[in-house]
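Peer 1: with the input below, show me the fold.
(2 chains)
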Amino acid sequence: MTASNSTPELVKNGVNVDALLGAREALEKAPEAAQFKWRASCEWLNGTHSRSTIGKFFGLGAEQSRDKTFTVEADHPKVFASEDHAPTPVELVLSGLASCLTAGVAAIAQRRGIQLHSVKASLEADMDIQGILGIDDDVRNGFGAIRVHFDIRADASEDDVKALVAQSQKRSAVFDIITNPTAVFVTVN
Amino acid sequence: MRSATAIIIGAGHSGLAMSWHLTARSIDHVVLERGEVAHSWRTERWDSLRLLTPNWQSRLPGHAYAGEDRDGFMTMPEVVYFLQHYAELSRAPVVPGVRVTRARRDGEGYELATSQGAWRCRQLVIASGACNLASVPSLSAGLPAKVASLTPLQYRRPDLLPDGGVMIVGASASGIQLAREIQAAGRRVVLSVGEHVRMPRTYRGRDIQWWMDAIGAMDLRYDAVENIERARRLPSPQLVGTPERATVDLNSLCQAGVELVGRLAGLRDGRAQFSGSLANICALADLKMNRLLAAIDAWVTGNGLEEQFAAPHRDGPTVVGAETTLNLDLIAAGIGTVIWATGYRPDYSWLDVPVLDRNGRIRHDGGVVATPGMYVMGLPFMRRRKSSFIDGAAGDAADLAAHLHQSLDRAAA
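Peer 2: Coordinates of the predicted model:
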């Protein structure tokens, strides 16, 4: 099957592409409105267990509030002598990457007139914990590599589906955050 | 002060093509040239460079390549000879050795300050080239002082490079050509690969440029492209002109010993940091190449020409190892030189007319600049995909000369 017999109007992936394209056009003319700030706050609960709260962000030149505040908990598993109340932060990073790429696949499919039936991403990351345990300074703390596998059913050719996934990586914020260095500044009072 | 109805800045293929059309329309003009005809081709190219387009595609208004080697690729001295010969044949009114240092509006026209005095004109055609300056990313400031920093405009040949290994940043036409010859000269070469356009030199028995021409891709107009700004920023295809018509891609470079790394993402404390996106950058380029080849196959089939050409084939996907380097200590790795093959841009520092956008690009509609009586030539995808090619100058010059003529007539009426 190919995408040639479907049009973007008839494809329903639940993404409002017109709104996204409208925003793109508006921001090209007013680049200052494109400056966003994303925020999260985090509070220690007990042991390695913590709860992050995510609410307001800044964008389009103003503070943006949303209907509710979200919470995300993190902990460590029992093999780390923890209570395992929630996923580890590194698993949340994988989840962030997966969600970002998946959202991209849906938006780009909508734009290209490709009807999606199912999109499943499986992720696996390698980590040598000699790094975080301080056993070997030559081992980094973070992932050695991340593998993402997409299983996609869609009304499109194999190459068109591959192109969706490739374009999604090209335009993904989390993919960029993970694959490129970012300066981090931490302060304490 | 000397004056002409029209002044063309630059006697390269674009300026000479425009001059031919203005002469055909009996519009009085001069071509101001900072050096001699084909100055950039003489002075700003590396020694081994050949055109990326085959000889038969060197077509200008009223003149075309007429030699024996129609499928060959001109060396730089051959390009210079070709253009010089064209300037003589077309009796282009070239004034050599005149560098324009400032252009500003003067009443209905323009006044130019030059190294040889002032000129005035009604109409100004900027044909001074799309590749005057190398675009070097700001992160280059973090390069250790011990490592030499070069652009392809300064590079000549491997044996003139400082001792040691070479990191080439950028894997478009310039980057892959330099990587190939510097590696062949026995140096360690690290090639930092960003977004690129992969293309085989030949396909189904013909040059890829022949196919692009045949299927109409080179004639695609700027106003028929959905996102023209993106099309104009597209890097040059990974092509090289060699007598053996070799395809040079990341796989062949890797086999020759060139080390592939991701896009340069940072330079800090003598360490280069490379993006982990290399696999996807290569996947994007492979998919795009195969879409072009599929379009060629569809054209062949659609025209019932399967018998005339070799069978379709696909080169394998770009092989990216699982162990790509993300970090390189340049000094420890023995890198003596970094070459910034990260693109080129025009030099408008002399242009004192407010026609540049916030990125320093000239605002124009298919070469008609956003101010009366000013035109530009030879920019990427300016009016057509081939606008920056020698073969693109004829069509663009014809269109813009007609526009220029009309506006003179309107002013006279």
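
Peer 1: show the pLDDT at the residue in the stretch 201-350 of chain B positioned nearest to chain A.
Peer 2: Shortest the stretch 201-350 of chain B-to-chain A distance, computed as C-beta to the nearest C-beta: residue-wise this is B:Gly276, at 3.6 Å. Bear in mind the C-beta positions are built from the backbone N, C-alpha and C, glycine included. With respect to pLDDT, B:Gly276 has a value of 95.

Peer 1: again, but for B:Ala413
Peer 2: Predicted confidence (pLDDT) at B:Ala413: the value is 73.

Peer 1: what is the burial count for it?
Peer 2: The number of residues packed near B:Ala413 is 5, by other C-beta atoms under 10 Å in any protein chain shown.

Peer 1: near chain B, which residues of chain A? Just list them.
Peer 2: By C-beta under 8 Å from any C-beta of the partner chain, the residues of chain A that approach chain B are A:145, A:159, A:162-163, A:166-167, A:169-170, A:175-176, A:178-181.

Peer 1: can you name the two of these that are farthest apart?
Peer 2: Pairwise distances among these were taken by C-beta to C-beta; the largest, 32.2 Å, belongs to A:Asp159 and A:Pro181.

Peer 1: that older thread, could I get the residues of chain A next to chain B in TSV, plus columns for pLDDT, distance to B:Ser19 and secondary structure?
Peer 2: As requested, the residues of chain A next to chain B are exported to TSV (pLDDT from 0 to 100; distance: C-beta to C-beta, whole Å; DSSP: H, G, I helix; E, B strand; the rest coil):
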residue	pLDDT	distance to B:Ser19	secondary structure
A:Ala145	94	57	strand
A:Asp159	96	46	helix
A:Lys162	97	48	helix
A:Ala163	97	44	helix
A:Ala166	98	45	helix
A:Gln167	97	43	helix
A:Gln169	98	47	helix
A:Lys170	97	42	helix
A:Phe175	98	49	helix
A:Asp176	97	47	helix
A:Ile178	97	53	helix
A:Thr179	96	49	helix
A:Asn180	94	47	coil
A:Pro181	91	50	coil
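
Peer 1: closest to A:Val93 among those?
Peer 2: Of all these, the one sitting nearest A:Val93 is A:Ile178; the distance, using C-beta to C-beta, is 7.4 Å.

Peer 1: ok, that closest one - contacts?
Peer 2: The contact partners of A:Ile178, by C-beta atoms under 8 Å, 6 or more residues apart in numbering or on different chains, come to A:Val93, A:Leu97, A:Ile146, B:Gly276.

Peer 1: burial check on the nearest residue to the last one once chain neighbours are set aside, number of neighbours?
Peer 2: When you say that, I think you mean B:Gly276. The shortest distance from B:Gly276 to any non-neighbouring residue, by C-beta to C-beta, 6 or more residues apart in numbering or on different chains, is to A:Thr179 (3.6 Å). Neighbour count of A:Thr179, defined by other C-beta under 10 Å: 23.

Peer 1: need the strands for the stretch 51-200 of chain B, in chain order.
Peer 2: Counting by DSSP state E, counting those that start in this stretch, the stretch 51-200 of chain B has these strands, from start to end: B:59-60, B:63-64, B:94-95, B:100-106, B:109-114, B:117-126, B:133-134, B:148-150, B:165-169, B:189-192.

Peer 1: looking at these, which is closest to chain A?
Peer 2: Distances from chain A to each of those were compared by C-beta to the nearest C-beta, and the smallest falls on strand B:189-192, at 12.8 Å.

Peer 1: now do the closest one: distance to the chain's middle.
Peer 2: Per C-alpha atoms, centre = their mean, to the nearest Å, the displacement of strand B:189-192 from the mean C-alpha position of its chain is 21 Å.

Peer 1: same for it, what does it pack against?
Peer 2: Here strand B:189-192 is seen to pack against strand B:165-169, helix B:173-184, strand B:259-261 when contacts are counted using 3 or more C-beta pairs under 8 Å, 6 or more residues apart in numbering or on different chains; DSSP states H and E.

Peer 1: enumerate the residues of the stretch 301-413 of chain B near chain A.
Peer 2: So the stretch 301-413 of chain B meets chain A at B:Ala322 (C-beta under 8 Å from any C-beta).

Peer 1: which of the residues in stretch B:229-238 are buried?
Peer 2: Counting neighbours by 16 or more other C-beta atoms under 10 Å in any protein chain shown, one finds that the buried residues in stretch B:229-238 are B:Arg232, B:Pro235, B:Ser236, B:Pro237, B:Gln238.

Peer 1: for the fourth one, phi and psi?
Peer 2: Backbone torsions for B:Pro237, taken as degrees, to the nearest 10, come to phi -70, psi 150.

Peer 1: give the contact list for it.
Peer 2: Neighbour list for B:Pro237: B:Leu52, B:Ser172, B:Ala173, B:Val197, B:Arg198, B:Met199, B:Ile208 [criterion: C-beta under 8 Å, 6+ apart].

Peer 1: which members of the residues you listed are the farthest-apart pair?
Peer 2: B:Ser172 and B:Ile208 (15.0 Å).

Peer 1: out of these two, which sits in the more crowded spot?
Peer 2: B:Ile208 (24 against 21).

Peer 1: what about the helices in chain B?
Peer 2: With helices called from DSSP state H, chain B shows them at B:13-24, B:39-43, B:76-89, B:173-184, B:208-214, B:228-233, B:250-255, B:278-302, B:393-412.

Peer 1: deepest-packed of those helices, please.
Peer 2: Of all the helices of chain B, helix B:13-24 has the most neighbours on average by mean count of other C-beta atoms under 10 Å in any protein chain shown, namely a mean of 26.

Peer 1: spatially nearest residue to B:Ala92 (excluding sequence neighbours)?
Peer 2: The shortest distance from B:Ala92 to any residue other than its chain neighbours is 4.3 Å, reached at B:Ser19 (C-beta to C-beta, 6+ apart).

Peer 1: before we move on, back to that, give me the neighbour count for the residue of the stretch 201-350 of chain B closest to chain A.
Peer 2: Using other C-beta under 10 Å as the criterion, the residues surrounding B:Gly276 number 20.

Peer 1: quick check: it touching A:Ile177?
Peer 2: No. Between B:Gly276 and A:Ile177 no contact is recorded; they are 10.7 Å apart, counting by C-beta atoms under 8 Å.

Peer 1: tell me the one of the buried residues of stretch B:229-238 nearest B:Ser349?
Peer 2: Here the nearest of the buried residues of stretch B:229-238 to B:Ser349, counting by C-beta to C-beta, is B:Arg232; it sits at 20.7 Å.

Peer 1: residues touching the closest one, list them.
Peer 2: B:Leu379, B:Pro380, B:Phe381, B:Met382.

Peer 1: residues touching the last one, list them.
Peer 2: Okay, so that is B:Met382. With contacts defined as C-beta under 8 Å, 6+ apart, the neighbours of B:Met382 are B:Tyr222, B:Arg232, B:His364, B:Gly366, B:Gly367, B:Val376, B:Ser388, B:Gly392, B:Asp396.

Peer 1: which two of the residues you listed have the greatest separation?
Peer 2: The most widely separated members of the contacts of B:Met382 are B:His364 and B:Gly392, with 15.0 Å between them, by C-beta to C-beta.

Peer 1: more crowded one of those two?
Peer 2: Between B:His364 and B:Gly392, counted using other C-beta under 10 Å, the more crowded position is B:Gly392 (28 against 19).

Peer 1: need the contact list for residue 12.
Peer 2: Just so you know, I chose chain A. A:Lys12 is in contact with A:Gln115, counting by C-beta under 8 Å, 6+ apart.

Peer 1: you answered for a different chain; I wanted chain B.
Peer 2: When contacts are taken as C-beta under 8 Å, 6+ apart, B:Gly12 is in contact with B:Val37, B:Ala38, B:His39, B:Ser40, B:Trp41, B:Leu83, B:Ala127, B:Gly129, B:Gly378.

Peer 1: go with 10 Å
Peer 2: B:Gly12 is in contact with B:31, B:33, B:37-41, B:79, B:83, B:87, B:127-129, B:377-378, B:390, B:393, counting by C-beta atoms under 10 Å, 6 or more residues apart in numbering or on different chains.
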